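K.L.:
Output the structure for:
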Amino acid sequence: MSFGKNKQYNPEPKKKPLLKKALISTGLVTILATGIVFAEESSNVRTVQHVYVNGEHIGLVSDASVVEEVIQSKLAKADKSYEDADLAIAENVKLVPELVFNPTYNNTTISNYLESNLTVKAKAVELKIGNDVVGYFDSKEAAEKVIEDYKLKYVDTETLAKVEAAKSTNKESDVPQNAEAPSKSADLAVGESTILDVTLSKDVSFSDKKVDPNTILTVADGLKLLEKGTLKEEKHTVKEGEVLGSIASKYNLSLASLLKLNPSIKEDTLIQIGQELNVTELKPFVDVIVKKEEKKEETIAFETEIKESKELLKGDEKVTQEGSDGEKVVHYTVEIRNGKVSDRKVLDEKTTKEPVNKVVVKGTKVIPSRGTGTFKWPTSGGYISSHVGYRWGAYHKGLDIAGPSNRTITAADNGTVVFAGYQGSYGNKIEINHNNGMKTVYAHLASINVSVGQTVQQGQQIGIMGSTGNSTGIHLHFEVYKNGALQNPLSYLK
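P.N.:
Numbers count the residues shown, from 1 in each chain. Here you go, the predicted structure:
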């Protein structure tokens with residue numbers, strides 16, 4: 001027999017004889033057989049009800065209404081507090097009728113027992129994810145709505161509806177539930193994507209339960225629980241002497257986690273006594289997994305190809321071919337967990353434009369720092385405007401060259417630059433040690449193209465002709481020394 005809020009009374013007697021088995025005699029069977037007629041003639045024979053709660057015999061009552069009144073009274077009281085709940089008695093209450101001669105029963109005792117021991121519960125649907133109970137809801141529709149709303153955090157309503165419809169079609173067509181979703185590549189254009197499936201990372205199940213009405217969750221609470229893993233976010237009130245590190249340790253949090261839970265503070269923030277900090281590390285109850293396919297146009301970065309040349313000096317390089325990026329169309333399958341890409345696989349890719357390598361030629365030629373002993377004319381042609389010797393009452397140490405076809409100044413021989421800068425009447429000046437006892441000087445330059453310590457090759461540009469320092473016009477002042485003694489450049493120039 002069961003009782004509910006709707007006052008239904010459904011006797012479900014166990015298959016037992018009407019008289020207790022404790023009465024064992026052949027004569028008793030006869031009495032029982034004639035007892036039906038006798039009962040109509042004798043007021044001493046009555047039908048009583050054995051009361052069982054969860055299979056345990058509680059006692060006898062004169063009539064089923066005794067039990068029913070207690071149950072309906074408890075349900076009515078609870079209904080005032082939980083109007084929207086579908087209430088029922090949690091315990092399994094059964095009545096078994098029996099014809100008894102001169103029955104002994106105590107309606108008051110049984111009523112008091114039932115009043116004290118029966119509990120009112122709400123009929124609910126348990127939402128379980130994996131092996132964990134999420135909570136209880138007033139209907140399966142509400143529990144399913146929680147799951148649906150959680151998925152809708154990561155996909156739109158139309159997309160989810162299409163995915164669920166496709167699943168339903170597959171199910172009707174006996175397609176295995178774990179079968180891979182068919183590829184949509186034929187329907188995808190470059191730059192487009194399509195969602196194949198929206199699932200949870202754990203299995204979902206529903207079951208009917210009777211629970212404390214206070215434990216029934218709303219859809220909003222259920223959604224929050226799935227999102228954060230808890231409905232109650234604990235807070236800590238800062239006390240005197242506490243620092244961020246000690247607070248984090250108290251709640252088994254890393255300092256980084258505590259700071260993440262409290263975006264308004266930083267590691268060096270001075271916290272105040274009485275300040276409240278969030279200390280509940282939130283973790284979603286379950287992940288929403290979105291599987292999709294996409295086609296994207298991507299750049300193929302060009303590579304740089306290095307070639308060596310004996311024609312270029314070591315340390316010098318030049319670009320003989322500029323590089324250009326290529327293009328390709330890539331077809332991906334993507335898995336997204338709670339809005340973040342967790343896996344990406346290439347299904348197919350097609351190159352639509354080949355990249356062009358950049359070609360860089362690097363020099364390998366090593367300039368000997370020792371001179372050949374023979375000097376090359378340091379300008380592009382020109383004439384001697386002044387020789388070595390006395391002029392204007394002073395000794396002129398070098399050879400002046402003017403009127404070249406261009407103003408490039410080159411090294412007369414291999415060597416090492418030992419001076420490059422401005423020096424008094426010389427103006428911009430370069431000195432080259434040829435490491436064979438010879439040294440050359442280049443003066444009055446407009447600009448200098450080398451630096452001290454640099455090895456230069458015979459004929460290499462080192463500067464531009466000018467008229468800096470004590471100069472009467474644009475020309476090159478050129479000096480030659482051998483073992484420190486001034487020489488006439490014409491003795492060495494070829």
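
K.L.:
From now on I want contacts and neighbour counts done on CA atoms only, so please keep to that.
P.N.:
Will do.

K.L.:
For E164, identify the helix or strand it belongs to.
P.N.:
helix 157-172 (DSSP states H and E).

K.L.:
same question, E148
P.N.:
helix 140-151.

K.L.:
Pull out the buried residues from that helix.
P.N.:
Under the neighbour-count criterion of 16 or more other Cα atoms under 10 Å, helix 140-151 has 140, 142-147, 149-151 buried.

K.L.:
what packs against that helix?
P.N.:
strand 120-129, helix 219-228 (3 or more Cα pairs under 8 Å, 6 or more residues apart in numbering; DSSP states H and E).

K.L.:
in the longest helix along the chain, what counts as buried?
P.N.:
Longest helix in the chain, counting residues (DSSP state H): helix 64-81. Within helix 64-81, the residues scored as buried using 16+ other Cα under 10 Å are 64, 67-68, 70-72, 74-75, 78-79.

K.L.:
ok, of those, which one's closest to K328?
P.N.:
Distance to K328, by Cα to Cα, is smallest for D79 among the buried residues of helix 64-81, at 67.5 Å.

K.L.:
now the closest one: how far from K362?
P.N.:
Distance, D79 to K362, using Cα to Cα, to the nearest Å: 91 Å.

K.L.:
returning to that earlier point: what about dumping the CA coordinates of the helix holding E148 to PDB?
P.N.:
Taking C-alpha atoms only, helix 140-151 is exported to PDB below (Å, rounded to 0.1, in the frame of the first residue of the first chain):
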ATOM      1  CA  LYS A 140      13.500  15.500 -15.600                       C
ATOM      2  CA  GLU A 141      12.800  18.400 -17.900                       C
ATOM      3  CA  ALA A 142      14.400  20.800 -15.400                       C
ATOM      4  CA  ALA A 143      17.500  18.600 -15.100                       C
ATOM      5  CA  GLU A 144      17.800  18.300 -18.900                       C
ATOM      6  CA  LYS A 145      17.400  22.100 -19.100                       C
ATOM      7  CA  VAL A 146      20.500  22.500 -16.900                       C
ATOM      8  CA  ILE A 147      22.500  20.400 -19.300                       C
ATOM      9  CA  GLU A 148      21.100  22.200 -22.300                       C
ATOM     10  CA  ASP A 149      21.800  25.700 -20.800                       C
ATOM     11  CA  TYR A 150      25.400  24.600 -20.000                       C
ATOM     12  CA  LYS A 151      26.000  23.600 -23.600                       C
END
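
K.L.:
Give me the mean pLDDT for it.
P.N.:
If you average the pLDDT over helix 140-151, you get 96.

K.L.:
try stretch 287-305
P.N.:
On average, stretch 287-305 scores 96.

K.L.:
what comes up buried for that stretch?
P.N.:
287-297, 300, 302.

K.L.:
middle-most residue in the chain, spatially?
P.N.:
For the chain, the residue sitting closest to the mean C-alpha position, by Cα atoms, centre = their mean, is K340 at 4.6 Å.

K.L.:
Which pLDDT value goes with it?
P.N.:
92.

K.L.:
check which helix or strand covers E349.
P.N.:
Counting by DSSP H and E, the element that carries E349 is strand 340-353.

K.L.:
What strands line up against the helix or strand that that strand is followed by, and which way round?
P.N.:
Next along the chain after strand 340-353, taking DSSP H and E as the criterion, comes strand 358-365. Within its sheet, and counting by DSSP bridges, strand 358-365 is paired with strand 304-313 (parallel), strand 317-321 (antiparallel).

K.L.:
Which of these has the lowest mean pLDDT?
P.N.:
Looking at the strands paired with strand 358-365, the bottom one is strand 304-313 with a mean of 92.

K.L.:
Would you mark the buried spots in it?
P.N.:
Using 16+ other Cα under 10 Å as the test for burial, strand 304-313 gives 312-313.

K.L.:
where in the stretch 201-350 of the chain is pLDDT low?
P.N.:
230-232 (pLDDT under 70).

K.L.:
Repeat that for the stretch 51-200 of the chain.
P.N.:
Residues of the stretch 51-200 of the chain meeting the criterion pLDDT under 70: 171-186.

K.L.:
can we see that at 80?
P.N.:
83-84, 169-187 (pLDDT under 80).

K.L.:
Can you give me the buried ones in stretch 399-407?
P.N.:
Going by neighbour count (16+ other Cα under 10 Å), the buried part of stretch 399-407 is 399-404, 407.

K.L.:
With respect to V480, which of these is nearest?
P.N.:
Of the buried residues of stretch 399-407, the one sitting nearest to V480 (Cα to Cα) turns out to be L399, at 9.0 Å.

K.L.:
Can you tell me who that closest one pairs with across the strands?
P.N.:
Judged by DSSP bridges, the bridge partners of L399 are F478.

K.L.:
got it, and V441?
P.N.:
In this entry, V441 is beta-bridged to E431, E479, by DSSP bridges.

K.L.:
Please report how far the closest residue to Y52 other than its chain neighbours lies from T269.
P.N.:
Spatial nearest neighbour of Y52, chain neighbours left out: K94 (5.1 Å); criterion: Cα to Cα, 6 or more residues apart in numbering. As defined by Cα to Cα, K94 lies at a distance of 66 Å from T269.

K.L.:
Those two: who's more crowded?
P.N.:
For K94 versus T269, the count of surrounding residues by other Cα atoms under 10 Å is larger for K94: 25 against 10.

K.L.:
State whether the more buried one is indeed within a strand.
P.N.:
Yes. Under DSSP: H, G, I helix; E, B strand; the rest coil, K94 sits within a strand.

K.L.:
Can you tell me the SS state at the residue nearest to L127 when sequence neighbours are not counted?
P.N.:
Nearest residue to L127, sequence neighbours excluded (Cα to Cα, 6+ apart): F206, at 5.1 Å. Here F206 is recorded as strand under three-state DSSP.

K.L.:
and the helix or strand hosting L196 with strand 120-129, angle?
P.N.:
Assigned by DSSP H and E, L196 belongs to strand 193-200. Using axes from the mean of the first three to the mean of the last three Cα atoms, to 10 degrees, one finds that strand 193-200 and strand 120-129 are set 130 degrees apart in direction.

K.L.:
quick one: strands adjacent to strand 193-200?
P.N.:
Sheet pairing for strand 193-200, assigned by DSSP bridges, gives strand 288-300 (antiparallel).

K.L.:
what's next to the partner strand, contact-wise?
P.N.:
150-151, 154, 183-185, 188-201, 325-338, 354-355 (Cα atoms under 8 Å, 6 or more residues apart in numbering).

K.L.:
I'd like to know which of these are buried.
P.N.:
The neighbour count (16+ other Cα under 10 Å) marks 150-151, 154, 185, 193-200, 326-338, 355 as buried among the contacts of strand 288-300.

K.L.:
could you redo the strands paired with strand 358-365 as JSON lines and give each row distance to N470?
P.N.:
What follows is these, written out as JSON lines (distance: least, Cα to Cα, whole Å):
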{"stretch": "strand 304-313", "distance to N470": "35"}
{"stretch": "strand 317-321", "distance to N470": "38"}
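
K.L.:
so which of the ones you listed gets nearest H57?
P.N.:
strand 304-313 (91.2 Å).

K.L.:
Send me the closest one as PDB with only the CA atoms.
P.N.:
What follows is strand 304-313, C-alpha atoms only, in PDB (Å, rounded to 0.1, in the frame of the first residue of the first chain):
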ATOM      1  CA  THR A 304      66.100  31.800 -46.300                       C
ATOM      2  CA  GLU A 305      68.700  30.000 -48.400                       C
ATOM      3  CA  ILE A 306      72.300  30.800 -47.700                       C
ATOM      4  CA  LYS A 307      74.900  30.600 -50.400                       C
ATOM      5  CA  GLU A 308      78.700  31.200 -50.100                       C
ATOM      6  CA  SER A 309      80.800  33.200 -52.500                       C
ATOM      7  CA  LYS A 310      84.600  33.500 -52.700                       C
ATOM      8  CA  GLU A 311      84.000  36.700 -54.600                       C
ATOM      9  CA  LEU A 312      82.700  38.500 -51.500                       C
ATOM     10  CA  LEU A 313      84.800  39.300 -48.500                       C
END
